[in-house]
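Asker: This is the structure alone, sequence omitted:
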């Protein structure tokens, strides 16, 4: 048995290999045990403390610290082996990258805990939605910076010359920039939205003929909810920089416009009474704080009255419009005012007999007059069936 452990494989005895693997296994078990201790005891102690920052730090540290200790212990265990310099450099390089990534993971976890516990409630207590709009961008920006620095430091730890790598990327930089035109445009669009603030999170906007409720503003795209269907949509930010945006929420109420057509066979006194009824139906409603009524003109369907009134509460607009219309109908019914009925005109095909229905040959002589008259009657009946007379 001793001879077996003394056998050499790749420059190390079986005993050295076995001992190294056992040490790595023990380090992994120790890391898991440390994670359990932090979760079970330190978290409880921090929870009893009045300072919430202790609990946040412990929550952010437990997993990355355990993994970091496992990596360090594994590296120490590997030093017991006699390895080729190329393998040693490879292991050191891989661990150098891993150390940088684990530290970046640690920092982002700590920031996420602070962000959710302190910054988000603080933004909710402040007036306005600007804080709610900026915080997600700050969070994503910091994460991008942290992970970018971690990758650069990790490559440097692995022995790579980052400057040379970046210079090498410059050859394909032009092609990459051309391929990423839309992404760059969207990022600049996001910066424009944050800077100019045409809308904020929670606003109702009208864009490209549709209405959306803004849910989230990102660096590349804005997430919104279709106001009519409730579907979640993602709109690239570059579209907002070249489009017309109407911020409905910026208006404290809602302007409603309607054209009412009255029957043209009514006397002038009736039309005057109709104008007064329209004014009375909108001026006295408690949620209407402004109105305009005018005789718009003589339309093809009757006399046209333009009604424009402002609903004070945007959320109650539909109920207010319904109340105003019902009140107007009651007033019209009381005073015998008639609304113009829509007129549909149908124009049929010209009264021309198809060639297939025409007589094969004209009458040979006047002696066949009776036959000619009978044929003409058949043709007229067929034409009448195909194209009935003009109707309104």
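Answerer: Ah, there it is. This is a predicted model, so every value here is computed, not measured.
Asker: pLDDT on stretch 255-267, on average?
Answerer: Per-residue pLDDT over stretch 255-267 has a mean of 89.
Asker: Residues touching that stretch, excluding its own?
Answerer: 271, 274, 278, 296, 298-299, 301-311, 317, 321, 328, 337-341 (Cβ atoms under 8 Å, 6 or more residues apart in numbering). Backbone N, C-alpha and C define where each C-beta goes, glycine included.
Asker: now with 7 Å?
Answerer: Stretch 255-267 is contacted from outside by 271, 274, 278, 296, 299, 301-311, 321, 337-340, using Cβ atoms under 7 Å, 6 or more residues apart in numbering.
Asker: Buried by neighbour count: which residues of that stretch qualify?
Answerer: 256, 260-262, 266 (16 or more other Cβ atoms under 10 Å).
Asker: now the residues you listed in JSON lines, with distance to residue 135 and secondary structure?
Answerer: Formatted as JSON lines, the buried residues of stretch 255-267 follow (distance: Cβ to Cβ, whole Å; DSSP: H, G, I helix; E, B strand; the rest coil):
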{"residue": "256", "distance to residue 135": "36", "secondary structure": "strand"}
{"residue": "260", "distance to residue 135": "49", "secondary structure": "strand"}
{"residue": "261", "distance to residue 135": "52", "secondary structure": "strand"}
{"residue": "262", "distance to residue 135": "55", "secondary structure": "strand"}
{"residue": "266", "distance to residue 135": "62", "secondary structure": "coil"}
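Asker: now the strands for this protein?
Answerer: For the chain, the strands defined by DSSP state E cover 8-9, 12-13, 204-207, 210-217, 221-226, 232-236, 245-247, 254-262, 288-299, 302-311.
Asker: re earlier: filter the contacts of stretch 255-267 to the buried ones?
Answerer: Neighbour-count burial (16+ other Cβ under 10 Å) is assigned, among the contacts of stretch 255-267, to 271, 274, 278, 302-305, 307, 309-311, 321, 337, 340.
Asker: Quick one: mean pLDDT over stretch 84-95.
Answerer: Per-residue scores along stretch 84-95 average to 80.
Asker: and that stretch, how far from the chain's centre?
Answerer: Stretch 84-95 has its C-alpha centroid displaced from the chain centroid by 47 Å (Cα atoms, centre = their mean, to the nearest Å).
Asker: I'd assumed residue 34 was in contact with residue 66.
Answerer: Yes: counting by Cβ atoms under 7 Å, residue 34 is a contact partner of residue 66 at 5.3 Å.
Asker: roughly how far apart are the nearest residue to residue 150 once chain neighbours are set aside and residue 118?
Answerer: The shortest distance from residue 150 to any non-neighbouring residue, by Cβ to Cβ, 6 or more residues apart in numbering, is to residue 104 (3.4 Å). The gap separating residue 104 from residue 118 is 21 Å, by Cβ to Cβ, to the nearest Å.
Asker: quick one, which of those two is more surrounded?
Answerer: residue 104 (21 against 13; other Cβ atoms under 10 Å).
Asker: Tell me which residues touch the more buried one, please.
Answerer: 146-147, 150.
Asker: rewinding a little: what about the strands of the chain, which gets the closest to residue 193?
Answerer: Taking Cβ to Cβ, strand 210-217 is the member of the strands of the chain nearest to residue 193, at 5.9 Å.
Asker: can you list the buried residues of stretch 255-267 in a markdown table and add distance to residue 242?
Answerer: Shown next, in a markdown table, are these (distance: Cβ to Cβ, whole Å):
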| residue | distance to residue 242 |
| --- | --- |
| 256 | 30 |
| 260 | 38 |
| 261 | 39 |
| 262 | 44 |
| 266 | 50 |
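Asker: neighbours around residue 24, how many?
Answerer: Residues near residue 24, counting by other Cβ under 10 Å: 17.
Asker: Could you measure from it over to residue 242?
Answerer: 58 Å.
Asker: How about the contacts made by the residue found closest to residue 228 once you drop the neighbours it is linked to in the chain?
Answerer: Spatially, and ignoring its direct neighbours in sequence, residue 228 is nearest to residue 211 (6.9 Å; Cβ to Cβ, 6+ apart). Applying Cβ under 7 Å, 6+ apart, we find residue 211 in contact with 204, 227-228, 248.
Asker: Need the residue closest to the centroid of this protein.
Answerer: Taking Cα atoms, centre = their mean, the centroid of the chain lies closest to residue 223, which sits 2.3 Å from it.
Asker: ok, what's across the strand from that residue?
Answerer: residue 216, residue 234 (DSSP bridges).
Asker: what about the nearest residue to residue 69 once chain neighbours are set aside, how many residues close to it?
Answerer: Closest residue to residue 69 apart from its sequence neighbours, by Cβ to Cβ, 6+ apart: residue 31 at 5.2 Å. Residues lying near residue 31 (other Cβ under 10 Å) number 21.
Asker: Okay then, goodbye and thanks.
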